[in-house]
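K.L.:
Provide a 3D model corresponding to the input given below.
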Amino acid sequence: MTTKGGRNRNGGGYSDDDDDSHNKSQQHQRSSSSRHHHHYRHHHRSDRRYVQQPNQSFQQQSYDPNKRRKLGGLNDEELTEDKLQIALFTLGQKIDSTLEQTLRDLCTTLCNDLSKHKKTIFDILNQCIQLVPERVTIYSTLVGLLHASVITFGSDFLDTCVSAFKESLLSYKFEIIQRYIRFFSDLVNVKLLSPSSILALYDTLIEAATETNIPQVRTDFFVSCVLIALPYSGKILSEKNNTELSRLLYTIDKYIYNRSKIHTPILQVWSSMEPHPQEEYLDCLLAQIKRLNQDEWAESQIFRPYYSYADTLFSDVSASIVHDLPTLNIPEHRDGIIYPPPKIVFRMFDYTDVPEEFVLPGAHAIERYLIEDEISNILHTYHTERKDCAVQLTQIRSNNKIPLNYMIVEVIFGHLFMLPRPHHLELFYGSLLLELCKLQPSTLPPVLVQAVEMIFERLNTMKTACIERFVKWFSYHLSNFQFTWAWQDWIDCLDENPESPKIKFIRETLQRCMRLSFHQRVIEIVPEQFYKLVPNKPSPVFKFEENDAPVFGSEYAQLLVKKIKERAPAEDILRILNTVPSPSKDDSSLVTPSSSTVTQSSNELTYTMVQIDIFVSSLLWVGSKSFTHSFAALAKYHQLFKILIESEEQQIQVLKSMYEVWPNHQQMMVVLVDKLVKTQIVECSAVANWIFSSELGTELTNFYIWEILSSTIEKMNRQVEKHHNELLDLRRQLNISTTVQLASSASLQADSMPTEAATASSIDEKPSDDAKMDEGETSNNDEEKSKSSSLKRRRESDDDEDDDNERKDSAEKMQISQPPIDEATAKLQEKYEMVEERLSHAREQQKKLYLIVFQRFIMTLSDFLNECETKNVDPVSTPWLKWIMERLQEIFLLYHEQVFQYVSTFESLIFTSDIDFSILEVFQQFCALRA
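P.N.:
Model (predicted):
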């Protein structure tokens, strides 16, 4: 893994099967067509160009600091704008002795161009503030120099910033809000804003946070905005307004002490607080600020270039022109706003883990937060360019005694393991660590090896979702270093329970390595003692093969195999299946229906199950040569599947037959189920019921099972999202706005306005990147009144048919009030209604899927707990409970946007007080994420 051996020419990347485990908004980054390798090549594109269209306004552009620039082919005016953009966005990219003079020269250039390109300069500076937060002090220094040079610059630029800040508040762009507050705080240091003005902004934020009947996550956000800004302004505030600052800190301290922390366990990477406490983000940040206050706001990490310009910035003339921020109003809370979720501070190293020549800042030292925050900002800024990101990380300015590599590795793993999901593709973090190993081949790999060893030793208390991500990253990393690793160091754990986290980690890692290479290669990379953990050779099993004791239907299966190889038409295959006799009582036990409700008679169902089993087994056996052969076989006989399959029981039988053919090839099962769902041979609900069936009881702790379930759930979510977006497009084409609907409704019946407003809001608002699926659902007003105050703050679904009828009535009234429409508009209206119906059906299917998943979770866990009680066994001591309970947590977290739409239904039907408290506690922790 370290420097041993050369780099694997086949490269390495997470399998395409991981695609469905990421947000839809991230999937455009993945452009490779390879199934297993080479995804990493597409993170670094050197052929990007930035060209401004002649008729495109500058404000419509969003600067991407990762794009390569080429200035040829632009006229003089465009060239000047492009040069300004490049100069400002590359400012401070590398901090060295020339930065001071660069800032002076740039200030002079901007002053000369200010009259001609004032708006352009203001727009670019605002983009810099929003997109490059790690250089906020450099931009505040530049703004301070311009303020000292041009008497009107400060007030004009401040007006532009305040307008952008207000827009961010109204549109709830939470990261941008925090970055502007930090920037305003730093402007105090360049004498552009007054300390009393920034204190007034803090008070406004705290007042918004202390409102009643609002979610805690809203309060947390505004409190965090103040805390992250105080390291930049605290020193001046303590000198000028110490009394007000102390009062502010007391208010924050009192709030954080009393706030609920029910959500903390579900978000922690490790369940144990040893050796490092897994602190809640605000708790840790407040402790760091209080320590900074005790140290009289003295810190050594923030780069403050403005102190080099004391003659300019702090002269009597420039210092006398200080501005105040205007009064800012924080928008009131509205149901449906998705605030940033709580976070847990990831800790992996302490001072005892680093070499003696380094000093790692303590967990509550402000330097620890500031360096981690800078690393995180760089990761966000350059997440599409791993090479540039690695270079920027190595150029972070820090005290020579600070072990920067340890902190970089810790932050990267913290992002990779972040719950509910990482900010960016998991592949990004793996490829970034590879680039860092290239840039620092002698210093970073040893730190990475140490980190792997430490995580491995703590696997027993690590969350299952994080162990799975660790498996993916580790196998990918090994594939880039010829799978070289000191496996002998882990021999001691081979005697542990086969379901123990360490054994599970090694087995799943070898499974992943086989996906990235081949079976014989995996055998070669591990010592003989590990052979029992090496996956079986991925060969198919055909139970209908000719042997001394053939199973029922073997002769028909053999005939089917022959016909399928001859590419016989579906009619011939069906004719053979129709000749299969009814099985005897003993034979029918080989293919049994599930325990779910069956609408057909038992004999008819069993007969059909045998047909399906023989057909699916024969078809997959013929197509077992490769993925492509299997896909081609499914495509050729797709219509035959539609004829044979009429119920969910029969769909489950297809999955059972597939499992019997490929029990030794997990990846094949993953892609086949994916294909069966895509081609609508089986439904998502059938996959969920099959996963929790008794036939897969022994497989339930294996990672590929949850890979299948996650892929299935995300397909359903994407289907709902597809119809939702299609409806939005049609709505725009029809020019139907919320205002029109309300006005039309008022002209017909004033009492219907609330219902129509709810209908409009459920479709008209475009879903945000963080919560696309939440925008389409809103709660029934009558139902909300009967819920407790905590439920009023959750997103609820329209579960009742009465509400659907009200929507239809509202739509009819709206249509009646519209003027006569032409034929084209009528067709659009007809299509609109059709898509609206599809969306309604898709949401019903989505709710049904989640109901099945959670019901089966509760049944499986309850049966296990009852069995442990009968046998007088402590369930907590069994690894099985850890795997399944933490998978339940994972489903809640991964799909919290969708689950919250139906949370009231789940609370009333499934997660009731009569289930085991350990299961109910998971649901309560989940609900607390938005409480």
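
K.L.:
How about the secondary structure of the nearest residue to F153 once chain neighbours are set aside?
P.N.:
Excluding the flanking residues, the one nearest F153 by C-beta to C-beta, 6 or more residues apart in numbering is L146, at 4.7 Å. For the C-beta atoms, the positions are set from N, CA and C on the backbone; glycine is no exception. When classified by DSSP: H, G, I helix; E, B strand; the rest coil, L146 comes out as helix.

K.L.:
May I have the residues that are in contact with L146?
P.N.:
Residues near L146 by C-beta atoms under 8 Å, 6 or more residues apart in numbering: 107, 110-111, 114, 153-154, 157.

K.L.:
Let's have these in TSV, adding pLDDT.
P.N.:
TSV is the format used below for those (pLDDT from 0 to 100):
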residue	pLDDT
C107	91
L110	89
C111	89
L114	86
F153	91
G154	89
F157	94
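
K.L.:
Okay, and which of those map to helices?
P.N.:
Those of the contacts of L146 mapping onto helices are 107, 110-111, 114, 153-154, 157, per DSSP state H.

K.L.:
what about the spatially closest residue to L516 that is not a sequence neighbour, distance to P445?
P.N.:
Closest residue in space to L516, ignoring its immediate chain neighbours: S479 at 4.3 Å, by C-beta to C-beta, 6+ apart. From S479 across to P445, the span is 16 Å (C-beta to C-beta, to the nearest Å).

K.L.:
Same drill for those two, tell me which one is more crowded.
P.N.:
Each of S479 and P445 has its neighbours counted (other C-beta atoms under 10 Å); S479 has more, 25 against 20.

K.L.:
Output the contacting helices and strands for the lengthiest helix in the chain.
P.N.:
As assigned by DSSP H, the longest helix anywhere in the chain is helix 823-870. Here helix 823-870 touches helix 684-691, helix 703-734, helix 801-817, helix 879-894, helix 896-899, helix 903-909, helix 917-927, going by 3 or more C-beta pairs under 8 Å, 6 or more residues apart in numbering; DSSP states H and E.

K.L.:
got CSV for these, with mean neighbour count too?
P.N.:
Shown next, in CSV, are the helices and strands packed on helix 823-870 (neighbours: other C-beta atoms under 10 Å):
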stretch, mean neighbour count
helix 684-691, 24
helix 703-734, 19
helix 801-817, 15
helix 879-894, 19
helix 896-899, 22
helix 903-909, 17
helix 917-927, 18
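
K.L.:
Out of those, which gets the lowest mean score?
P.N.:
Of all the helices and strands packed on helix 823-870, helix 801-817 carries the lowest average pLDDT, namely a mean of 44.

K.L.:
Look through every helix and strand of this protein and give the one with the lowest mean pLDDT.
P.N.:
Within the chain, no helix or strand scores below helix 789-792, which has a mean of 36 by mean pLDDT, DSSP states H and E.

K.L.:
for this protein, what are the low-confidence residue spans?
P.N.:
Along the chain, segments meeting pLDDT under 70 span 1-79, 314-320, 548-549, 584-607, 736-822.

K.L.:
follow-up on the earlier one: in ChimeraX, select just the buried ones from the ones in helices among the contacts of L146.
P.N.:
Selecting the buried subset of the ones in helices among the contacts of L146 in ChimeraX, with 16 or more other C-beta atoms under 10 Å as the burial test, is done by:
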select :107,110,114,153,154,157
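
K.L.:
Looking at the ones in helices among the contacts of L146, which one is closest to Q520?
P.N.:
Distance to Q520 across those (C-beta to C-beta) is lowest for L110, with 63.8 Å.
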